[in-house]
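Novice: When you get a sec, could you give me coordinates for this:
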Amino acid sequence: MFTRRTLAIASAGLIAAPAIAQTAWPRRPVRLVVAFPAGGLSDRMGRIVAEAFTAALGQNVIVDNRGGAGGTAGTRQAVAADPDGYTLAFAAPSTHITGPLLYPNPGYDGVTDVVPIGSFAQIGSIGVVHPSVPANSIAELIAHCRAHPGQLNFGSAGSGGSIHLAGELFKSIAGIDIVHVPYRGGAQMLQDLLAGRLQIAFDNTPQILPHIRSGGVRPLAVTTRERSRFTPDLPTMIEAGVPDFEISSWFGVTAPRGTPQEIVDRLATVLQEAVASPQMAETLSVLSAEPLALTGAEFGTFMAGQRERFGEIIRRLGISAAG
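Specialist: Below is the predicted model of the structure:
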């Protein structure tokens with residue numbers, strides 16, 4: 001015989017069942033949109049974090065490469081996806097900060113239209129020259145550029161990325177006239193740099209370090225505020241006489257705005273645990289990268305600060321997506 005109490009308990013169970021079912025996430029593979037072609041540094045970083053999520057969640061986290069428009073095309077699709085936890089966006093400076101600032105009508109705000117999960121790595125760049133350039137220091141490079149205005153080129157993997165901004169910032173602070181040459185990717189830029197068709201570049205450490213060791217390019221300084229443990233003998237740009245010069249690449253994960261908080265919290269916990277693991281540190285070290293363990297809230301604040309800083313640089317220097 002049913003009493004009011006048993007009916008209440010039964011009703012509570014029926015009501016609670018759907019809520020419990022909704023939290024049984026993930027039930028199917030999760031998509032991590034990396035808004036760059038396969039094979040590049042961002043793709044490799046995306047696959048590192050996708051593997052960490054896969055191991056912890058018990059479901060495959062699949063990298064979906066969607067390049068174009070400086071990282072804004074694929075990121076726009078990820079940001080506009082259903083906020084159900086099954087689509088995530090790989091976050092980098094160009095996808096969430098500089099791209100939306102530079103490209104007309106990007107279709108999203110890389111800070112306010114997303115929920116930050118957290119960050120996991122950062123990479124500095126190295127200012128290098130082709131061996132034909134008669135400069136063994138930043139001071140000598142500046143002097144050479146001043147003696148030959150408009151005759152030296154610096155390359156980038158595309159307008160608006162950290163490599164491009166590093167060159168523009170150097171040009172502005174040093175008061176020199178060098179010409180930006182944008183490429184469709186880092187591999188093409190590197191090819192021309194090694195051939196001497198480019199004279200200057202600020203390239204990501206993992207990509208340029210093998211060519212420094214082989215003598216294909218001459219390193220002058222690192223772009224980070226502190227010296228890099230991967231190139232301890234190289235001064236920072238600030239030490240080399242270029243004040244207030246600090247640029248690095250960072251990598252993280254975001255979800256579409258409106259993603260359930262319990263899913264966000266679970267992803268954030270998994271990411272923080274992965275970044276703290278010796279395995280992640282070893283994997284990143286192979287790529288000359290350092291762990292960057294920012295929680296969701298910290299990552300959100302960090303991205304907002306990055307947008308303010310780079311926005312000021314872009315406006316002051318008149319940088320556009322057209323290069």
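Novice: Which pLDDT value belongs to residue 15?
Specialist: Model confidence at residue 15, given as pLDDT, is 38.
Novice: roughly how far is the helix or strand where residue 125 lies from the heart of the chain?
Specialist: Here residue 125, judged by DSSP states H and E, is contained in strand 114-129. Distance, stretch centre to chain centre, for strand 114-129: 5 Å (Cα atoms, centre = their mean, to the nearest Å).
Novice: Does residue 245 touch residue 171 like I think?
Specialist: No - using Cβ atoms under 8 Å, residue 245 is not in contact with residue 171, being 11.2 Å away. (Each C-beta comes from the backbone N, C-alpha and C, glycine too.)
Novice: more neighbours, these two?
Specialist: A side-by-side neighbour count of residue 245 and residue 171, using other Cβ atoms under 10 Å, places residue 245 first with 24 against 18.
Novice: Any figure for the gap between that one and residue 223?
Specialist: Distance of residue 245 to residue 223, given as Cβ to Cβ, to the nearest Å: 7 Å.
Novice: Between these two, which contacts overlap?
Specialist: 236-237 (Cβ atoms under 8 Å, 6 or more residues apart in numbering).
Novice: Checking residue 50 next. Helix, strand or coil?
Specialist: Classification of residue 50 by DSSP: H, G, I helix; E, B strand; the rest coil places it in helix.
Novice: Leaving out chain neighbours, which residue sits closest to it?
Specialist: Closest residue in space to residue 50, ignoring its immediate chain neighbours: residue 61 at 4.4 Å, by Cβ to Cβ, 6 or more residues apart in numbering.
Novice: what's the burial count for that neighbour?
Specialist: So residue 61, with other Cβ under 10 Å, has 25 neighbours.
Novice: Tell me, what's the model's pLDDT at it?
Specialist: At residue 61, the predicted lDDT confidence score is 98.
Novice: what does residue 7 give?
Specialist: We have a pLDDT of 36 for residue 7.
Novice: Residue 11 now?
Specialist: For residue 11, the pLDDT comes out at 40.
Novice: can you map out the helices along the stretch 51-200 of the chain?
Specialist: 72-79, 93, 99-102, 138-147, 162-174, 186-195 (DSSP state H, counting those that start in this stretch).
Novice: Which one, of those, ends up nearest to residue 311?
Specialist: Counting by Cβ to Cβ, residue 311 lies closest to helix 99-102 out of these; the figure is 5.6 Å.
Novice: what's in contact with the closest one?
Specialist: With contacts defined as Cβ under 8 Å, 6+ apart, helix 99-102 is touched by 69-72, 75, 106, 108-110, 159-160, 307, 310-311, 314, 319-321.
Novice: now for the strand or helix carrying residue 33, which elements pack on it?
Specialist: Residue 33 belongs to strand 30-34 when assigned by DSSP H and E. With contacts defined as 3 or more Cβ pairs under 8 Å, 6 or more residues apart in numbering; DSSP states H and E, the packing partners of strand 30-34 are helix 41-57, strand 61-65, helix 72-79, strand 87-91.
Novice: Make TSV out of these and add distance to residue 255.
Specialist: Formatted as TSV, the helices and strands packed on strand 30-34 follow (distance: least, Cβ to Cβ, whole Å):
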stretch	distance to residue 255
helix 41-57	12
strand 61-65	12
helix 72-79	9
strand 87-91	5
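Novice: tell me which element residue 219 is part of?
Specialist: Taking DSSP H and E as the criterion, residue 219 maps to strand 218-222.
Novice: helix or strand right after that strand?
Specialist: Per DSSP H and E, strand 218-222 leads on to strand 248-256 as the next helix or strand towards the C-terminus.
Novice: What residues are bridge-paired with the residue lying closest to residue 45 once chain neighbours are set aside?
Specialist: Spatial nearest neighbour of residue 45, excluding adjacent residues (Cβ to Cβ, 6+ apart): residue 251 at 4.7 Å. Residue 251 has these beta-bridge partners by DSSP bridges: residue 121.
Novice: what's the neighbour count on residue 251?
Specialist: Neighbour number of residue 251 under other Cβ under 10 Å is 25.
Novice: For residue 312, see how far away it is.
Specialist: From residue 251 over to residue 312 the distance is 23 Å, taken as Cβ to Cβ.
Novice: neighbours around residue 191, how many?
Specialist: Neighbours around residue 191, by other Cβ under 10 Å: 14.
Novice: same question but for residue 154, I mixed them up
Specialist: Neighbour tally, residue 154, other Cβ under 10 Å: 25.
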